[in-house]
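> The following comprises the amino acid sequence and a computationally predicted model.
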Amino acid sequence: MHKQEQLKGLYAITRPHPEGFDALLKQVADALIGGTRIVQYRDKQPGGVRRKSEGAALLALCHEHDALLIINDDADLTRAIGADGVHVGKQDGDIASVRATVGSDAVIGISCYNRLALAAAAQNAGADYVAFGRFFPSLTKPDAVQADIELLDEAKRNLRIPVVAIGGITPENGATLIQAGADMLAVINGIFGAPDIAARCRRFRQLFDSSERPPS
């Protein structure tokens with residue numbers, strides 16, 4: 001299956017674990033067992049050698065489960081370990097330069113916040129998916145801009161590439177986003193803050209199995 005065809009379903013974004021990387025790796029394994037299809041390695045701490053080692057371990061684990069590994073904001077690391085793709089924000093370099101670094105086969109995702117015009121420009125520049133949010137109050141980014149659910153419907157009617165929803169998503173509110181047009185739900189605390197990560201991911205996975213998007 002082509003990487004772009006895998007851009008659907010539950011999208012887990014990692015956070016550093018207070019007990020270290022082995023504990024994080026176990027959490028990601030549980031998320032994959034529960035049905036996560038895409039994992040984003042998000043670590044803002046310095047340490048190039050450490051990040052390369054951790055990224056490579058996560059990549060191997062994801063591929064064991066036929067899942068994708070996306071690297072947050074680091075095209076060089078993406079290329080160095082052969083990760084499946086990179087996710088960048090509006091301040092992290094233009095898409096052409098990112099593409100030149102990661103290569104033609106890598107997935108490039110772009111944060112578009114609450115701006116459809118930014119998403120359209122990203123699509124035209126060669127992005128493989130766009131992300132909107134936050135949609136609900138977020139513990140990770142409490143000050144992130146608010147996006148309205150209607151934006152997802154508008155995006156699906158105007159864009160050709162998959163759409164990610166992010167921000168305070170839970171199994172209780174996620175179905176609304178899928179029905180509005182989200183192809184992927186990106187979740188941090190809603191997964192890695194759960195007492196049973198695999199069970200939580202199965203609940204998220206059920207949203208995709210049971211939701212039927214109304215005709216456009």
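Structure's in. What do you need? These figures come from a predicted structure and were not determined experimentally. Numbers count the residues shown, from 1 in each chain.

> For the helix or strand where residue 200 lies, which residues meet the burial criterion?
Element membership for residue 200 (DSSP states H and E) is helix 197-210. Across helix 197-210, burial judged by 16 or more other C-beta atoms under 10 Å covers 197-198, 200-205, 207-208. Any C-beta I mention is one placed from the backbone N, CA and C, and that applies to glycine too.

> what helices or strands is that helix leaning on?
On a contact count with 3 or more C-beta pairs under 8 Å, 6 or more residues apart in numbering; DSSP states H and E, helix 197-210 meets strand 9-13, helix 21-33, helix 174-180, strand 184-187, helix 189-192.

> Dump these to CSV, plus mean neighbour count and mean pLDDT.
Shown next, in CSV, are the helices and strands packed on helix 197-210 (neighbours: other C-beta atoms under 10 Å; pLDDT from 0 to 100):
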stretch, mean neighbour count, mean pLDDT
strand 9-13, 25, 98
helix 21-33, 18, 98
helix 174-180, 20, 97
strand 184-187, 26, 98
helix 189-192, 22, 97
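
> Take those and lay them out in a markdown table including distance to residue 158.
Shown next, in a markdown table, are the helices and strands packed on helix 197-210 (distance: least, C-beta to C-beta, whole Å):
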| stretch | distance to residue 158 |
| --- | --- |
| strand 9-13 | 21 |
| helix 21-33 | 31 |
| helix 174-180 | 14 |
| strand 184-187 | 18 |
| helix 189-192 | 28 |
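
> right, so of those, which gets closest to residue 148?
helix 174-180 (9.6 Å; C-beta to C-beta).

> okay, now residue 146: neighbour count?
12 (other C-beta atoms under 10 Å).

> Could you measure from it over to residue 168?
10 Å (C-beta to C-beta, to the nearest Å).

> Now for those two: what residues contact both?
134-135 (C-beta atoms under 8 Å, 6 or more residues apart in numbering).

> So which residues of the protein form helices?
Secondary structure of the chain (DSSP state H): helices at 21-33, 48-64, 75-81, 95-102, 116-125, 150-158, 174-180, 189-192, 197-210.

> Dump those to a markdown table, plus distance to residue 42.
As requested, these are exported to a markdown table (distance: least, C-beta to C-beta, whole Å):
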| stretch | distance to residue 42 |
| --- | --- |
| helix 21-33 | 11 |
| helix 48-64 | 11 |
| helix 75-81 | 12 |
| helix 95-102 | 17 |
| helix 116-125 | 19 |
| helix 150-158 | 22 |
| helix 174-180 | 20 |
| helix 189-192 | 11 |
| helix 197-210 | 16 |
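
> Compare the ones you listed and give me the one nearest residue 5.
helix 197-210 (15.0 Å).

> Good, wrapping up.
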